[in-house]
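> this one's structure only:
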């Protein structure tokens, strides 16, 4: 995996997730708390900020879905728009308590996701697919290839972090282990041989490849000599521009 800048890559993955049938993995949920601190500083200096939660993927190494915040125009611009007939008023500014509430909600979810990822890297890696924060419902979804062992996984999480609130954790079917999914994405990236963004659904039910010329890449993947089907995971190729900073193929 290439370290190509978590912030830009998170935003690119979030855009892909908006267009996908299933949630795509994202990167670096730590950015949520750091971004909140930045918004607080901006608020003190008089810059208008509107917060909104966006659920999709991330953990790095165990990819999570995160919340992101969006900056609106300055108060002067908002006031001007409000005085213009037909203009849409700016959304109300978030209060300090709103930002605190977001942190309060996200922190236990982050702790649960962290623990699931660590357990998935250990002795239960043979059934672990991924973990995803669902900010809107305040829950964490853990994907396992063998749901009959979700009790074992839950017990391992409790043993790892005794104070953890496991009531926020639920389990869903994963289609491949995390190791298998990561290997498949890397293999697809090698076959493509061009600048691309390669990610996967949270349950690894498919791999998505984003490239400027999807027809050419699809033809390459369809070539029997490419052995792309050998991964055992369906591949979708969509049109889009990978991050401009990417010198080569990016996988999450």
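Perfect, I can see it now. Note that the structure is predicted; figures quoted are calculated from it, not measured. Residues are numbered from 1 along each chain as shown.

> By mean pLDDT, point me to the weakest helix or strand of this structure.
Least confident helix or strand of the chain, by mean pLDDT, DSSP states H and E, is strand 70-71 with a mean of 33.

> how about the strands in this protein?
Residue ranges of the strands in the chain, as given by DSSP state E, are 25-26, 49-50, 57-58, 70-71, 128-134, 139-144, 169-173, 197-200, 207-211, 235-239, 250-251.

> nearest to residue 182, of those?
strand 250-251 (7.5 Å; Cβ to Cβ). C-beta: built from backbone N, CA, C; applies to glycine.

> Break the chain into its domains for me.
The chain is divided into the following domains under automatic domain parsing: 6-72+94-173, 178-251.

> ok, of those, where does mean pLDDT dip lowest?
Mean pLDDT is lowest for domain 6-72+94-173 out of the domains of the chain, coming in at a mean of 71.

> State the distance from residue 186 to residue 238.
Here residue 186 is placed at a distance of 19 Å from residue 238 (Cβ to Cβ, to the nearest Å).

> quick one, helices of this structure?
6-19, 30-44, 75-82, 96-120, 150-160, 178-192, 214-222 (DSSP state H).

> and the fourth one, what other elements does it pack with?
When contacts are defined as 3 or more Cβ pairs under 8 Å, 6 or more residues apart in numbering; DSSP states H and E, helix 96-120 sits against helix 30-44, strand 128-134, strand 139-144, helix 150-160.

> and the angle for the third one with strand 169-173?
By that I understand strand 139-144. If you take axes from the mean of the first three to the mean of the last three Cα atoms, to 10 degrees, strand 139-144 sits at 40 degrees to strand 169-173.

> how big is the angle separating strand 139-144 from helix 96-120?
Going by the same axes, to 10 degrees, strand 139-144 makes 10 degrees with helix 96-120.

> Then the second one?
Between the axes of strand 128-134 and helix 96-120, defined by the same axes, to 10 degrees, the angle is 170 degrees.

> can you offset everything so residue one is 34?
Yep, numbering from 34; the last one is strand 161-167 now.

> so how far is residue 262 from the residue nearest to residue 268 when sequence neighbours are not counted?
Excluding the flanking residues, the one nearest residue 268 by Cβ to Cβ, 6 or more residues apart in numbering is residue 240, at 4.9 Å. Per Cβ to Cβ, residue 240 is found 12 Å from residue 262.

> Which one's more surrounded, these two?
residue 240 (24 against 12; other Cβ atoms under 10 Å).

> The more buried one and residue 265 touch, don't they?
No. The pair residue 240 / residue 265 is not scored as a contact, 10.5 Å apart, by Cβ atoms under 8 Å.

> overlap in contacts of these two?
residue 217 (Cβ atoms under 8 Å, 6 or more residues apart in numbering).

> what's the nearest residue to residue 182 once chain neighbours are set aside in contact with, if anything?
Distance criterion Cβ to Cβ, 6+ apart; nearest residue to residue 182, sequence neighbours excluded, is residue 160 at 5.6 Å. Listed by Cβ under 8 Å, 6+ apart, the contact set of residue 160 reads 177-179, 182, 186, 207, 210.

> now do 7 Å
By Cβ atoms under 7 Å, 6 or more residues apart in numbering, residue 160 lies in contact with 177-179, 182, 210.

> Looking at the residues you listed, which two lie furthest apart in space?
Greatest spacing in the contacts of residue 160, by Cβ to Cβ: 182 and 210 (12.5 Å).

> More neighbours: which of the two?
Applying other Cβ under 10 Å to residue 182 and residue 210 shows that residue 210 carries more neighbours, namely 22 against 17.
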